[in-house]
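Enquirer: sequence first, then the predicted structure, then my questions.
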Amino acid sequence: MIEIQGESVPVEVRALGDGRYAVRLGDAPVREVMAEPAGLGVHLRDGSDTRAVRLAQRGELTFAHANGHTVPLRVLSPAAAQRRARTRAAAVAGGSNVVLSPMPGRVVKVLVAVGDTVEPGQGVVIVEAMKMENELRAEVKGVVKAVKCAAGDTVEGGAELVILAAP
Amino acid sequence: MFQRVLVANRGEIAVRVMRTLRDLGISPIAIHSEADAHALHVRMADKAVCVGPEASRLSYLNMDAVVDAARRTGAQAIHPGYGFLSENAEFARRVAAAGLVWIGPPPAAIDAMGDKLVARRTVAAAGVPLVPGINEPVTDGALALAVAREVGFPVMVKASAGGGGKGMRLVRDETHFAADLEAARREASGAFGNDAVYVEKFVERPHHIEIQVFCDTHGNALYIGERECSVQRRNQKVVEESPSAFINADIRRQMGEVAVAAARACGYVGAGTVEFLVGGDKRFYFLEMNTRLQVEHPVTELVYGLDLVAWQVRVAAGEALPFTQADLQPRGHAIQCRLYAEDPETFLPSPGQVAQVRWPEGPGVRVDAGIDGDSVVPMAYDPLVAKLCTWGEDRAMAIARMRRALEETVVLGLTTNLPLHLRVLSDPRFVAGDYDTGLLASGVPTRPGPDAATRDAMLIAAALARLAADEARAGQRPLADEPSGWWRDGRRLGG
């Protein structure tokens, strides 16, 4: 399963030898393409149509570049795809009660304390990266259950900073 | 001429300055923080000195360490680039006191123009039109609010020592004033070590047009055309061009003469920029003078056929400018796109390890990059990673080349604002040259994603890469010629 631009597409490939591969994307019929490793990516030929795709891996994301477009992809095993689907469904149902750092950065100021009631959209933490401050806001109404950072802390992208409980 | 010059900066501007130093036969010397030990600017220098840990205030802003690095490496002069210590008069004085040449304006000129409040008073005395506001730094919240009320909302709160959009906030009404004032002062303090701010009326929908000035120590003071810098986000420039599509030759001359008068008034030497707000009626107001090279200087270099950094170095070495005002005629059109390591939708920074880079090439293309495929972009510094510039015989060709250059550009591993540039370059208002500083805030057209065939190719390539990685792990050659089993969903199914 490959996630691309918010869609999940089942992908199957099989090597046929001599640089030929059988490929099936989603429900489309199996087709044959020529592929060879080309520098930092893959050079594909489908009849006379040729396309160079550059690829790079960063963590669990694969970045693909072709024809002036850069797209992040996620190549997932079936088990990983199911796990992600469950997490997503939970997040969609009512907003997250965990305020995450959207990027690596430094905590400038914590605007709430344990026990405070916060409204949706209320700023809870200010994180600075690359000289710009970003105010992180609560997505839901709630009571601050835990503050997992302090001013001056360096945090990773995706780190949990503040956890809210139902009011 | 100098034999060795220390570049007191990092990233793309350090690399750009070093290239000119080499063109002039001068050996470039780098400084770096611990986080930048393997940065591109370090790899391009003949010598490099670590001046401290990652935090700027302990390394790139550490005056004693920077001057000491110059002394120890036998540098005869220091080029500050832009940002960091470039507009710090005390640093300029320390450089001179250490017996080194400061490649920049005299400290007194930095004092007069570098402090935005002193600058306002200086040019007001010369009769240059100003935007209404206060000419005193404000540290008291109640006083700041009183000033804001007096000139009327919306107002701009700006760092007195600032530039580059840092420590700057647009405040539309009183409710957010206190919070925005505090944020501006914190940013100002962090970026410039000085939390003084001032308050001025915000002119709605203006153009931001600036004049390049250049002065030598022999009494020559010239203007080298204008740059249109109205494509901005949160007062940070994103796309710049020269000439401006908005003003004509007559207004260029008027603005140029005012800019030169301002430079002469403070005894300016070297490259400087006088920034103006230009209203819809083409009346212009002095905004500030930047006493350094600007990020967008390449568009001026491209249309005037000059290397401004080379002239900074020559003027610092005592040479006279060999051209006159009449010699300086623009030829063609140039555009610059600032490539930032930030998300084009959310504008969140995206520091980290670069996985792969390919820069555009070919006719009319210039790239000033601070990263390559081996670089790490640290979170502690500015997100500007490269400047992509194109030149064309006319504006339409410069735009066409920029679109082509942007599509050739590959930066993988980081999220960059490259897609935003493609959107700006296809906005009908931008293409027509009919836009002001409200362009980005009003929304530029979205860009269609890759077509179906391109998307399919990406999916196939990603799957093949996974197949190759799996087989490599299993001890086989990647993309092996031998037939292999079906691969699906990250697992081999046997076969």
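Expert: Ah, there it is. Numbering: from 1, shown residues only, chains lettered A, B, ... in the order given.

Enquirer: who touches the residue in the stretch 201-350 of chain B positioned nearest to chain A in this structure?
Expert: When scored by CB to the nearest CB, the stretch 201-350 of chain B has B:Pro349 as its residue closest to chain A, at 4.0 Å. For the C-beta atoms, the positions are set from N, CA and C on the backbone; glycine is no exception. Counting by CB atoms under 8 Å, 6 or more residues apart in numbering or on different chains, B:Pro349 touches A:103, A:105, A:129-130, A:132, B:341-342, B:379, B:383.

Enquirer: can you do 7 Å?
Expert: A:103, A:129-130, A:132, B:341-342, B:379, B:383 (CB atoms under 7 Å, 6 or more residues apart in numbering or on different chains).

Enquirer: which ones among these map onto strands?
Expert: A:129, A:132 (DSSP state E).

Enquirer: make a markdown table out of the contacts of B:Pro349 and add neighbour count and pLDDT.
Expert: Formatted as a markdown table, the contacts of B:Pro349 follow (neighbours: other CB atoms under 10 Å in any protein chain shown; pLDDT from 0 to 100):
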| residue | neighbour count | pLDDT |
| --- | --- | --- |
| A:Met103 | 24 | 82 |
| A:Ala129 | 27 | 86 |
| A:Met130 | 23 | 82 |
| A:Met132 | 20 | 79 |
| B:Ala341 | 27 | 95 |
| B:Glu342 | 25 | 92 |
| B:Met379 | 23 | 90 |
| B:Pro383 | 25 | 94 |
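
Enquirer: do the helix or strand containing B:Ser230 and chain A meet at all?
Expert: Here B:Ser230 sits within strand B:221-233, counting by DSSP states H and E. No: if you take CB under 7 Å from any CB of the partner chain as the test, strand B:221-233 misses chain A, and the best it gets is 10.8 Å.

Enquirer: tell me which strands that strand pairs with, and in which orientation.
Expert: strand B:207-215 (antiparallel), strand B:236-242 (antiparallel) (DSSP bridges).

Enquirer: show residues contacting the longest one.
Expert: Taking CB under 7 Å, 6+ apart as the criterion, the residues outside strand B:207-215 that touch it are B:221-230, B:232, B:244, B:246-247, B:255-256, B:259-260, B:263, B:268-278, B:300, B:311, B:321, B:436-437.

Enquirer: kindly report the same for the last one.
Expert: When contacts are taken as CB under 7 Å, 6+ apart, the neighbours of strand B:236-242 outside the stretch itself are B:164-165, B:225-229, B:231-232, B:296, B:299-300, B:303, B:333-338, B:421, B:424, B:440.

Enquirer: let's see 6 Å
Expert: Here strand B:236-242 makes contact (CB atoms under 6 Å, 6 or more residues apart in numbering or on different chains) with B:165, B:225, B:227-229, B:231, B:296, B:299-300, B:303, B:334-338, B:424.

Enquirer: state the pLDDT value of B:Pro483.
Expert: Per-residue confidence (pLDDT) for B:Pro483: 45.

Enquirer: can I get the strands paired with strand B:221-233 in CSV including mean pLDDT and mean neighbour count?
Expert: Below are the strands paired with strand B:221-233 laid out as CSV (pLDDT from 0 to 100; neighbours: other CB atoms under 10 Å in any protein chain shown):
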stretch, mean pLDDT, mean neighbour count
strand B:207-215, 97, 25
strand B:236-242, 96, 25
